[in-house]
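In: What follows is a predicted protein model with its sequence.
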Amino acid sequence: KNEVEQSPQNLTAQEGEFITINCSYSVGISALHWLQQHPGGGIVSLFMLSSGKKKHGRLIATINIQEKHSSLHITASHPRDSAVYICAVPGGGSQGNLIFGKGTKLSVKP
Amino acid sequence: NAGVTQTPKFQVLKTGQSMTLQCAQDMNHEYMSWYRQDPGMGLRLIHYSVGAGITDQGEVPNGYNVSRSTTEDFPLRLLSAAPSQTSVYFCASSLRTNAEAFFGQGTRLTVV
């Protein structure tokens, strides 16, 4: 079973700061997901990536398949970015489910 | 498209009661899953389905039952609620493995 580790668990930043959240996993995968969960809210998919880098607005996700590591970056952070960010990898085989990290709780102060 | 619809959003049960959490998707996704989210533990897989008529157990299946009679619906049944089942439950679907996952809004369940 794949083990997914995220760091840091909690992160407090000032508005405008550059933020990095890290994710590592133990077993090789074909794709990795980054998800966002606002307080009391549902979960939305931010990225799914299998190599290199993807960018969406101020969010950038990178993955290094050889090192089994991915990072999520937020440029020019804003209080509305405050949320829990979750890394997830496929559960293996043809099950279609995901294995999740425990999440990184981000708080951006104005 | 409504995406993934979960009902109810909140529920309080007494120990021993049974209930069904509903999950429906309108994207014709074959893969559907139920997860529970507990503080400090992340999301854990309860049951999953790879198509109508096919279900299997995940990491924490005890006390839960599922069925998949149609592609659209994947209800989760709590047979006899226990305080340990107090959690937030999420249903998710995807078109195939290694595809974007879509989540319902979650059900916050409290068992007293």
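Out: Done, it's in. Numbering: from 1, shown residues only, chains lettered A, B, ... in the order given.
In: Enumerate the beta-bridge partners assigned to the closest residue to chain A within chain B.
Out: Using C-beta to the nearest C-beta, B:Tyr31 is the residue of chain B that sits closest to chain A, at 3.0 Å. For every residue, glycine as well, the C-beta is placed using N, CA and C. Taking DSSP bridges as the rule, B:Tyr31 bridges to B:Ser94.
In: ditto for the one 4 residues further on
Out: Beta-bridge pairing for B:Tyr35 (DSSP bridges): B:Leu45, B:Phe90.
In: so who does it touch?
Out: Taking C-beta atoms under 8 Å, 6 or more residues apart in numbering or on different chains as the criterion, B:Tyr35 is in contact with A:100, B:43-46, B:89-92.
In: could you redo the last one with a cut-off of 10 Å?
Out: Shown in contact with B:Tyr35 (C-beta atoms under 10 Å, 6 or more residues apart in numbering or on different chains): A:43, A:97-98, A:100, B:42-48, B:58-60, B:87-92, B:103, B:106.
In: now the strands for chain A?
Out: For chain A, the strands defined by DSSP state E occupy A:4-7, A:10-14, A:19-25, A:32-37, A:43-49, A:52-56, A:59-64, A:69-74, A:83-90, A:98-100, A:104-109.
In: Kindly report the same for chain B.
Out: Along chain B, counting by DSSP E, strands occupy B:4-7, B:10-13, B:19-25, B:31-38, B:42-51, B:54-57, B:64-66, B:76-78, B:87-94, B:102-103, B:107-111.
In: Relative to chain B, how far out is A:Gly40?
Out: According to C-beta to the nearest C-beta, to the nearest Å, A:Gly40 stands 8 Å off from chain B.
In: This completes my enquiry, with thanks.
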